[in-house]
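Colleague: this one's sequence-less:
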């Protein structure tokens, strides 16, 4: 082993952790976890396509990328709409000529309601926002990656898939589906040198979750080993790693990024 390392065949260069001039699409990029991923991707050297429905938010995210010396596009897209996704890919290819990384972060349509009270319409909305849209986005973008014979897809899931938390049952079921979708895509795309992985998020402090999480801080902290809430950049750093050459032997995996959560009982409900 010593001779193998000294021969130079093992490259321990930190350059493998960089994303210099890679092109990444981040959905749900305007705020929260998506915005943190945008910032860390740009810090690692990537050019970023910031995708969300709210124009003001993605323009601000793109401005942050440019301030770091990287190129950016701000595209207002409903990622549940196939025509808009096709247009997103066309504009990205027109600007950059390739797509190296897709971070499927966008999610929506959750209704904090007991399953016995959840209407079919509301369940369908959760399905469309939480499982259908990452499927559609991955299917659309992967066509480019298959043609390139390279690419990387990172799906963003949630501990809700395992918690069985009261009032968000439909959301958790769809996130469980996303984990399985990740593993299936990793098999189907492997022959095209496209890697697919998934991050299962714990308690991440964002604008949307701030008040609720603080109100239940003691309970949350009693359930995890690292005694702080997660930050959007915590997720971004792991995305950078998975998208980099340093993770080139990793695909089809589902990672818990949760501060070392060890108990799943007594989790506060958003009901």
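Modeller: Cool, the structure landed. Keep in mind it's a predicted model, so treat the numbers as computed, not measured.

Colleague: report the contact partners of residue 74.
Modeller: Going by Cβ atoms under 8 Å, 6 or more residues apart in numbering, residue 74 touches 50, 55, 58, 59, 61, 62. (Glycine included, C-beta is placed from N, CA and C.)

Colleague: narrow these to those in strands?
Modeller: Using DSSP state E, the members of the contacts of residue 74 that fall within strands are residue 50.

Colleague: and of the contacts of residue 74, the nearest to residue 181?
Modeller: Of all the contacts of residue 74, residue 50 has the smallest distance to residue 181: 23.7 Å, by Cβ to Cβ.

Colleague: residues contacting that closest one?
Modeller: Taking Cβ under 8 Å, 6+ apart as the criterion, residue 50 is in contact with 26, 29, 30, 38, 58, 61, 62, 65, 72, 73, 74, 75.

Colleague: next, the closest residue to residue 66 other than its chain neighbours: phi, psi?
Modeller: Counting by Cβ to Cβ, 6 or more residues apart in numbering, residue 66 lies nearest to residue 72, which is 5.3 Å off, once chain neighbours are set aside. The phi and psi torsions at residue 72 (degrees, to the nearest 10) take the values phi -150, psi 150.

Colleague: just the one 5 residues further on next, same as before
Modeller: When read as degrees, to the nearest 10, the backbone of residue 77 gives phi -140, psi 140.

Colleague: next, count neighbours for it.
Modeller: 22 (other Cβ atoms under 10 Å).

Colleague: got the contact list for it?
Modeller: Applying Cβ under 8 Å, 6+ apart to residue 77 gives the contacts 27, 51, 52, 53, 84, 85, 87, 88.

Colleague: out of the contacts of residue 50, which is nearest to residue 191?
Modeller: Proximity of these to residue 191 (Cβ to Cβ) peaks at residue 26, which lies at 26.0 Å.

Colleague: for the nearest residue to the closest one once chain neighbours are set aside, give its distance to residue 229.
Modeller: Across the structure, with Cβ to Cβ, 6+ apart as the measure, the residue nearest residue 26 apart from its sequence neighbours is residue 103 (4.6 Å). If you measure residue 103 against residue 229 using Cβ to Cβ, to the nearest Å, the figure is 21 Å.

Colleague: before I go, just wanted to say thanks for your time.
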